[in-house]
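Participant: Need a 3D model of the sequence below.
(chains A, B and C)
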Amino acid sequence: MRLSAPLSPAFYTRPATAVARDLLGMRLVRCLDGRRLSGIILETEAYQGEEDLACHARAGRTPRTAVMYGPPGRAYVYFTYGMHWLLNCVVEPEGTPAAVLLRAIFPLEGREEILARRAGQPARACCDGPAKLTLALGIDGGQNGVDLCSPAEGLWIEAGPALPDAWVQTGPRVGIHRVPEPWRSIPWRFLARPPDGWVPPGVG
DNA sequence: AGCACGATTAACT
DNA sequence: GTTAATCGTGCTC
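Facilitator: Predicted structure coming up:
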């Protein structure tokens, strides 16, 4: 596939756990006024189906969850705690509500602007949380529903360096302590831990 | 119409 | 370890 091409719909038309694992190492790209910001995805969580009581789709199809019922490869951006925007990508075929939450990136392009947007934060901690990365990349409710398989709307995901399984840890999803078992403990969090000093290849 | 709570973060003790 | 900030959403009355 062409370099710098958004991942195709086929990538997203799969179970949330598979997409969540394979998104590790991919490059999240944000275009703002012609400037390109990007980072390597290092942490994700899978949310799959109405049965998954941690997934917003547990409430069925509502105005908020409608995007998750739509075509795969769209952004699902929602607002929480009265102040934070969180970015997901919709997965599974249309009609099947599922999404993958993006929780952390390794800043690459536009590092200066990213750090400026995260003023006061050390570089190491500037994008290591789901609400931190949306702030760092200028993502909010305006991006809800955008097509991540097209560069037209300034937000997409490209191929990046493959990360070996040895670097990937799994565990329970974060921040859902009120959710009943087995959903509270099911290991649908995927965290890449590259060796110290690792820098993604092919970047200037 | 009212209410409890949230896929969080930063700043506390 | 604890807690305030802050408001959309979904549920109950």
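Participant: The residue of chain A found nearest DNA strand C: what secondary structure?
Facilitator: DNA strand C sits closest to A:Gly82 of chain A, with a gap of 2.6 Å, by C-beta to the nearest atom of the strand. Bear in mind the C-beta positions are built from the backbone N, C-alpha and C, glycine included. What DSSP: H, G, I helix; E, B strand; the rest coil gives for A:Gly82 is coil.
Participant: Tell me the spacing between A:Val91 and A:Leu101.
Facilitator: For A:Val91, the distance to A:Leu101 (C-beta to C-beta, to the nearest Å) stands at 11 Å.
Participant: more crowded one of these two?
Facilitator: Between A:Val91 and A:Leu101, counted using other C-beta atoms under 10 Å, the more crowded position is A:Val91 (29 against 22).
Participant: strand partners of the longest strand along chain A, parallel vs antiparallel please.
Facilitator: Longest strand in chain A by number of residues (criterion: DSSP state E): strand A:35-48. Strand A:35-48 has its sheet partners listed here by DSSP bridges as strand A:27-32 (antiparallel), strand A:98-107 (antiparallel), strand A:189-192 (antiparallel).
Participant: Just say which of those is most tucked in.
Facilitator: The highest mean neighbour count among those, using mean count of other C-beta atoms under 10 Å, belongs to strand A:98-107: a mean of 25.
Participant: ok, that strand near DNA strand C or not?
Facilitator: No. Applying C-beta under 7 Å from any atom of the strand, one finds strand A:98-107 out of contact with DNA strand C, separated by at least 13.2 Å.
Participant: all helices of chain A, in order?
Facilitator: A:9-12, A:16-23, A:66-69, A:111-117, A:130-137 (DSSP state H).
Participant: how far off strand A:98-107 does the second one point, in degrees?
Facilitator: Right, helix A:16-23. 20 degrees (axes from the mean of the first three to the mean of the last three C-alpha atoms, to 10 degrees).
Participant: what's helix A:16-23 packed up against?
Facilitator: helix A:9-12, strand A:35-48, strand A:98-107, strand A:189-192 (3 or more C-beta pairs under 8 Å, 6 or more residues apart in numbering; DSSP states H and E).
Participant: can you give me the mean pLDDT across the first one?
Facilitator: Pointing back at helix A:9-12 there. Helix A:9-12 carries an average pLDDT of 98.
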